[in-house]
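**Q** take a look and give me a structure for this.
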Amino acid sequence: MSVLTIDVGTTVIKSVVFDDQGTEIAVARRATEVLRPHPGWAEQDMDGVWSAVVDTVRTVLDGLADPVWLVSFTAQGDGAWLVDDRGRPTGPAILWSDGRAGDHLTAWQQDGVLEAAFRRNGSLTCAGMPNAIFSWLAAHDPDRLARSATSLTAAGWLFLRFTGVRASDESDASAPFLDHATGTYDPQIIDLFGLGAYERLLPTVLAEDRRIAELTTTAADELGLPAGLPVVMAPYDIAATARGVGVVNPGQACSILGTTLCTEIVTTGIDTTGEPSGIHIAYRGRERVLRAFPTLNGAEVLGWAARLLHLPGPPELAQLAFESQPGARGLMFLPYLSPAGERAPFLDPGARGSFWGLSLEHTPADLARAVFDGLSLVLRDSLAAARTDVRELRLCGGGANSDAWCALIADATGVPTARSGDTELGAKGAFLTGLVRTGAETSMHSAAAKYVRMQRSWEPEPERAEFYAALYEDFLAWRDLARGAGWRGTAAWHGSTTRRAEAPGRPTEAPARPAGTPGAAPGGTLV
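**A** Numbering: from 1, shown residues only. Here you go, the predicted model:
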């Protein structure tokens with residue numbers, strides 16, 4: 001018997017079939033388009049997403065020998081997938097990466113609203129969360145809100161199409177409104193954002209043991225499956241991926257090297273102290289919480305750099321990067337290229353990227369290396385913000401296919417890294433969740449121990465780890481300088497000799513090269 005899983009990402013939709021040993025036996029992928037009708041906007045056609053799901057499911061089912069007994073799925077989180085009282089979209093989905101509500105976010109930040117909400121549920125709002133989107137729509141498109149009956153997420157949209165049930169799982173509901181103690185929406189947080197009039201849009205939050213329903217006849221006919229199959233809504237994609245890589249117990253951590261560079265650590269409670277940062281995701285009822293730092297800048301930065309250097313893609317960028325040395329011969333890169341700024345491990349809608357210390361002596365390899373160094377230091381920044389002792393960082397996502405980058409991350413974070421033997425980790429997490437929810441496995445711990453297989457690991461090289469610890473301090477200093485300048489980039493600073501001389505951090509000449517490098521070229525490929 002087989003398990004069908006679906007992973008609805010932002011740019012790719014995947015259907016994966018697992019056999020009873022947890023091995024992938026069929027995979028189908030379809031690219032999806034992110035619509036950007038205006039600067040800073042990020043939308044998707046909701047019916048187009050469903051059509052891609054149907055297409056990939058029918059593809060993997062074609063020629064499948066064993067019948068499917070279970071459907072389990074995960075999807076991108078946050079955003080607002082608004083539907084009317086008939087369950088039809090009232091417009092395109094507004095995605096997690098949408099930045100149109102940046103001004104609302106800035107106002108809340110200045111008024112202390114964001115911090116007050118963080119002190120209640122441990123999650124820092126970003127522009128792509130429902131509260132920010134509701135506020136923007138109320139100001140600019142109130143008719144859309146008036147026509148809408150429910151604001152779903154991508155997973156909620158799929159659950160509605162699969163089963164006819166309008167609902168959210170606790171992971172999707174965690175930010176910004178969830179009261180983690182009760183598993184319901186916190187009315188004080190709703191009032192903090194002035195959204196009482198739109199509470200009607202929030203779907204029912206289902207506890208993990210209730211996120212299972214039967215496949216409707218209509219959906220079954222479209223998908224080519226028997227009606228009545230159990231359908232499980234797994235946690236949204238970053239949480240499902242953590243499960244898929246075996247991060248299920250307190251203290252375990254992983255980083256997704258994908259569209260987002262998302263670092264996640266399993267904890268037993270909500271930490272609302274310290275500087276507001278990241279989000280807390282309900283992970284297993286009241287017993288486990290996932291402290292997550294989903295950045296707005298990840299694999300798209302690699303794609304941008306590849307285009308900038310006239311390379312075919314990220315694999316060739318990685319090959320070029322590791323021709324340079326740690327520290328890119330004095331070149332520093334702040335990788336904040338998203339039009340929506342950055343949301344983790346700090347929040348600033350105006351954050352922008354920049355190269356620091358660039359000279360005529362730098363080569364394309366140095367630029368490429370600085371990009372990989374900068375992204376790796378973002379992972380270190382997230383681990384520092386978590387304020388939790390992490391003994392191993394499990395890596396997944398397309399970027400984890402590069403041996404050299406996995407080794408670099410071990411050096412840059414000072415933490416041993418490991419890579420899973422599976423490829424579709426979000427789908428694997430949905431697989432494990434489905435087994436536990438149907439009773440085929442007794443717990444997530446036992447399911448992970450049985451079905452998760454790690455492939456390779458890397459230890460930090462002491463001298464390089466020491467080098468990157470110092471480089472991280474420079475990274476923070478340059479970022480503070482850029483932020484202090486209003487994220488205007490490097491132009492104003494590089495135009496002033498006085499300011500150049502006063503800039504903190506490592507001088508522009510090449511730093512001493514540590515003994516050895518992570519490797520002359522990366523192993524594997526980046527996706």
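
**Q** okay, now residue 168: neighbour count?
**A** The number of residues packed near residue 168 is 27, by other C-beta atoms under 10 Å. Glycine gets a C-beta too; all of them are placed from N, C-alpha and C.

**Q** can you pull the contacts of it?
**A** Listed by C-beta atoms under 8 Å, 6 or more residues apart in numbering, the contact set of residue 168 reads 152-153, 155-156, 202-206.

**Q** again, 6 Å this time
**A** Neighbouring residues of residue 168 by C-beta atoms under 6 Å, 6 or more residues apart in numbering: 156, 203, 205.

**Q** quick check: it vs residue 375, distance?
**A** The gap separating residue 168 from residue 375 is 31 Å, by C-beta to C-beta, to the nearest Å.

**Q** of the contacts of residue 168, which belong to helices?
**A** Among these, DSSP state H puts residue 156 in helices.

**Q** turn the contacts of residue 168 into CSV, columns for neighbour count, distance to residue 141 and pLDDT.
**A** As requested, these are exported to CSV (neighbours: other C-beta atoms under 10 Å; distance: C-beta to C-beta, whole Å; pLDDT from 0 to 100):
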residue, neighbour count, distance to residue 141, pLDDT
156, 26, 21, 97
203, 22, 20, 97
205, 22, 26, 96
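
**Q** tabulate the contacts of residue 168 (a markdown table), appending distance to residue 175.
**A** Below are the contacts of residue 168 laid out as a markdown table (distance: C-beta to C-beta, whole Å):
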| residue | distance to residue 175 |
| --- | --- |
| 156 | 15 |
| 203 | 15 |
| 205 | 13 |
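
**Q** tell me the pLDDT at residue 362?
**A** Confidence at residue 362, expressed as pLDDT, is 98.

**Q** typo on my end, it should be residue 233
**A** 97.

**Q** how about it, what does it touch?
**A** Applying C-beta under 6 Å, 6+ apart, the residues near residue 233 are 155, 159, 169, 211.

**Q** repeat that for 8 Å
**A** With C-beta under 8 Å, 6+ apart, residue 233 has these contacts: 73, 155, 158-159, 167, 169, 206, 211-212.

**Q** tally of neighbours for residue 339?
**A** 18.

**Q** sec struct for it, please.
**A** coil (DSSP: H, G, I helix; E, B strand; the rest coil).

**Q** the spatially closest residue to it that is not a sequence neighbour and residue 396, how far apart?
**A** Using C-beta to C-beta, 6 or more residues apart in numbering and skipping the chain neighbours, the partner closest in space to residue 339 is residue 40 (4.7 Å). Using C-beta to C-beta, we find residue 40 at a distance of 29 Å from residue 396.

**Q** what do you get for residue 223?
**A** As judged by C-beta to C-beta, residue 223 and residue 396 stand 27 Å apart.

**Q** repeat that for residue 103.
**A** For residue 103, the distance to residue 396 (C-beta to C-beta) stands at 35 Å.

**Q** same deal with residue 347?
**A** 25 Å.

**Q** one step back: tell me which of residue 40 and residue 396 has more neighbours.
**A** Per other C-beta under 10 Å, whichever of residue 40 and residue 396 has more neighbours is residue 396, with 28 against 17.

**Q** now do the contacts for the residue lying closest to the more buried one once chain neighbours are set aside.
**A** Nearest residue to residue 396, sequence neighbours excluded (C-beta to C-beta, 6+ apart): residue 425, at 4.4 Å. Residues near residue 425 by C-beta under 8 Å, 6+ apart: 240-241, 244-245, 256, 396-397.

**Q** possible to save those as JSON lines with secondary structure and pLDDT?
**A** Compiled in JSON lines, these are given as follows (DSSP: H, G, I helix; E, B strand; the rest coil; pLDDT from 0 to 100):
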{"residue": "240", "secondary structure": "helix", "pLDDT": "96"}
{"residue": "241", "secondary structure": "helix", "pLDDT": "94"}
{"residue": "244", "secondary structure": "helix", "pLDDT": "96"}
{"residue": "245", "secondary structure": "coil", "pLDDT": "96"}
{"residue": "256", "secondary structure": "strand", "pLDDT": "93"}
{"residue": "396", "secondary structure": "strand", "pLDDT": "93"}
{"residue": "397", "secondary structure": "coil", "pLDDT": "88"}
